[in-house]
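>>> Compute the structure for the input listed below.
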Amino acid sequence: MGRSQVFTSAFLALATLGAAVPMPGSRIASSRRGAAAQNTTGSITWGPCSDQFAANLTCANYTVPLDWSNPGNETIQLGLVRHEATDKSARIGYLFVNPGGPGGQASDLVSSIAQSPGVVNPEILARFDVIGLDPRGVGLSTPVQCDTDTYNRRVSFFPKTQAEYDALVAYNKAVGESCRAKTGRLIDFVDTISAVKDHEAVRKALGGEKINLLGLSYGTQLFSQYAELFPDNIRALVLDGNLQHSQGESSNLLIESTTYELTLKKFFEWCANSTTADCVLSGQDVEAKFVSVRDKAAASPIPAPGCDDTSCRANVTDEDLRFTVQSYLISVGSWPNLARALEQADAGNATLMSEANPLAVGDPYTDSSLFAGTAIACQDWDHAAASLADVLAKGTLGANFSPLTRGACQSYKIQTSCIGWPAPLTNPPKKIVYKGATKILQAQSTFDPSTSYAWGLGLHAELGDDKSVLIVRNGTGHTSYLSDGATTAAMNAYLVNLTMPEPGTVFDS
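The predicted structure is shown next:
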């Protein structure tokens, strides 16, 4: 769903960033670690980040209500990172970025940009203060925390018997209860609408300038819902890799699982026609190789000798494989690694496949992408299945329309992970109604394994031709901004100059 694929590796754009940008091994410390400046009344005071990071980054935190409907009671901390505009004489304003998820750390994206400035156009860094505000529950903000051992227990999300279904529901409840025990009442208030109101509070605290927003993947849901609630406070808004927060459960399964499988077939085609230097399976029947690995894993989990059930699982099931391959497809830069993972798994070593689906490791910052991703999704998306029959029906849908992957995708993982979740559904799917004067720029690739082209068209129809322009990248991969092609250039021209491309423009890069 255009999220950092938190349920399999990260709901999806974060995995894109991980492939395109070298993520730093060190983390920015929040104020709870004594590194970021505390907020002053009604404003934000910037201070140094931890000394593991470049001096051109500054950090802060800001206090907001836990419950925006009852703001006089408990509070939480928001953590944010800033890369200041390098040309202050030509500064345009603040550019808030979100890499996806839910659960993706915006602070990590800004940190990566600061350490690898060539990743984005220099004019963006020159003219904007780039802000990475971690949504509530995520990263530097007060994090969702859960019991690591409980979360890492293996359970089937494709139950075939009543006993397996009961085990799944019991697992979901145990994880949710552990999150409530370690996190407290925050677990009930991590929905996207609350995060939208947090962003607005930070905008005001930074001086009240009109906001510039760049949302990737799940970030398109976050920022389109911001646009609905605060339509008059936006200078520029880019939505890249669009998530349509209005579809029903079966529609989401059908749309995402089929676009995943379609992109997988593009991988097969690319690999078969590549040189062996690019793809180790060049010249082979790559689809047959995938099926071979899937069926071997179904017969008996394939050992992953490089893993020991701490950071990754010691073996890989066919279910693991079908979920994990989606994250490998997110960036074309990861396709050679996917080929190697399939080759090695077929020979009996699934370490590369297991490493792509990491476990929780006990670090609040790192694990928040997993824990908060689940918690946010369960408050944002329908998960009405209440019986084994309901889940089996979804499996039948996948088996018929996506026979290679059998319906495994992030939408399916969310819908089954949230059965029995203790927090209520508070931000249910609905169409976006945007009444602002600022025209929104949407970008969508045609073969996106996570946020389907169909969702891009659907969100554009909700916004309307008079409120948005949709441009298309004719190519593969999840989101386009970090691809540094013509689509990226069009987004940058809009952000800097408010130059809008012609509606219906299709780019090849």
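>>> Show me where the stretch 251-400 of the chain has its strands.
In the stretch 251-400 of the chain, the strands defined using DSSP state E, counting those that start in this stretch lie at 302-303, 315-316.
>>> How about the stretch 101-250 of the chain?
In the stretch 101-250 of the chain, the segments counted as strands under DSSP E, counting those that start in this stretch are 128-133, 211-216, 234-240.
>>> go on, the stretch 401-509 of the chain?
440-447, 468-476, 506-507.
>>> Show me the shaky parts of this protein.
Along the chain, the parts satisfying pLDDT under 70 run over 1-41, 52-54.
>>> Could you point out which of the strands of the stretch 101-250 of the chain sits nearest Thr416?
Across the strands of the stretch 101-250 of the chain, Thr416 has its closest neighbour in strand 211-216 (25.2 Å, Cβ to Cβ). Bear in mind the C-beta positions are built from the backbone N, C-alpha and C, glycine included.
>>> Centre of the chain to the closest one, how far?
Strand 211-216 sits 15 Å away from the centroid of its parent chain (Cα atoms, centre = their mean, to the nearest Å).
>>> other SSEs contacting it?
The contact analysis (3 or more Cβ pairs under 8 Å, 6 or more residues apart in numbering; DSSP states H and E) places strand 211-216 against helix 13-20, strand 93-98, helix 218-229, strand 234-240, helix 486-497.
>>> May I have the strands that pair with that strand, each with its orientation?
Strands that pair with strand 211-216, judged by DSSP bridges, come out as strand 93-98 (parallel), strand 234-240 (parallel).
>>> and for that strand, what are the contacting residues?
2, 13, 16-17, 92-100, 128, 199, 203, 221-224, 226, 233-241, 479, 481, 491, 495 (Cβ atoms under 8 Å, 6 or more residues apart in numbering).
>>> right, and Thr499 touches Ala489 too?
No - counting by Cβ atoms under 8 Å, Thr499 sits too far from Ala489 to count as a contact (10.4 Å).
>>> Any idea how far apart the tips of stretch 444-452 sit?
8 Å (Cα to Cα, to the nearest Å).
>>> which residues sit against that stretch?
Under Cβ under 8 Å, 6+ apart, the answer for stretch 444-452 is 1-3, 5, 11-12, 217, 220, 240-243, 255-256, 258-260, 262-264, 266, 326, 329-330, 410, 453, 455-457, 470-480.
>>> From Trp421, how far off is the closest residue to Glu200 other than its chain neighbours?
Excluding the flanking residues, the one nearest Glu200 by Cβ to Cβ, 6 or more residues apart in numbering is Phe230, at 5.4 Å. Look at Phe230 and Trp421: by Cβ to Cβ, to the nearest Å, they are 29 Å apart.
>>> contacting residues around the nearest residue to Lys430 once chain neighbours are set aside?
Leaving aside its chain neighbours, Lys430 sits nearest to Ser246 (5.7 Å; criterion: Cβ to Cβ, 6+ apart). Listed by Cβ under 8 Å, 6+ apart, the contact set of Ser246 reads Pro429, Lys430, Lys431, Ile432, Gly458, Glu462.
>>> Please repeat the previous calculation with a cut-off of 10 Å.
Neighbouring residues of Ser246 by Cβ atoms under 10 Å, 6 or more residues apart in numbering: Asn252, Pro428, Pro429, Lys430, Lys431, Ile432, Trp455, Gly458, Leu459, Glu462.
>>> Those, buried ones only, as a PyMOL selection?
This is how PyMOL selects the buried members of the contacts of Ser246, with burial counted by 16 or more other Cβ atoms under 10 Å:
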select buried, resi 252+429+432+455+458+459+462
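>>> Just put the contacts of Ser246 in TSV and tack on distance to Ser50.
Below are the contacts of Ser246 laid out as TSV (distance: Cβ to Cβ, whole Å):
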residue	distance to Ser50
Asn252	39
Pro428	39
Pro429	39
Lys430	40
Lys431	42
Ile432	38
Trp455	38
Gly458	42
Leu459	38
Glu462	41
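>>> between the contacts of Ser246, which is nearest Pro336?
Looking across the contacts of Ser246 and measuring by Cβ to Cβ, the closest to Pro336 is Trp455, at 27.7 Å.
>>> dump the residue contacts of that closest one.
1-2, 220, 241-247, 251-252, 255-256, 259, 444, 448.
>>> Check Leu457 too.
Asn242, Gln244, Gln442, Gln444, Leu470, Val472.
>>> Looking at the residues you listed, which is nearest Lys88?
Nearest to Lys88 among the contacts of Leu457, with distances taken as Cβ to Cβ, is Gln442, at 30.7 Å.
>>> For that closest one, the count of nearby residues, please.
Gln442 has 23 neighbours, counted by other Cβ atoms under 10 Å.
>>> So it versus Ser483, what's the distance?
For Gln442, the distance to Ser483 - Cβ to Cβ - is 16 Å.
>>> re the thing from before, same list (the strands paired with strand 211-216) but as JSON lines, adding mean neighbour count and distance to Pro117.
Putting the strands paired with strand 211-216 into JSON lines (neighbours: other Cβ atoms under 10 Å; distance: least, Cβ to Cβ, whole Å) gives the following:
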{"stretch": "strand 93-98", "mean neighbour count": "24", "distance to Pro117": "14"}
{"stretch": "strand 234-240", "mean neighbour count": "25", "distance to Pro117": "19"}
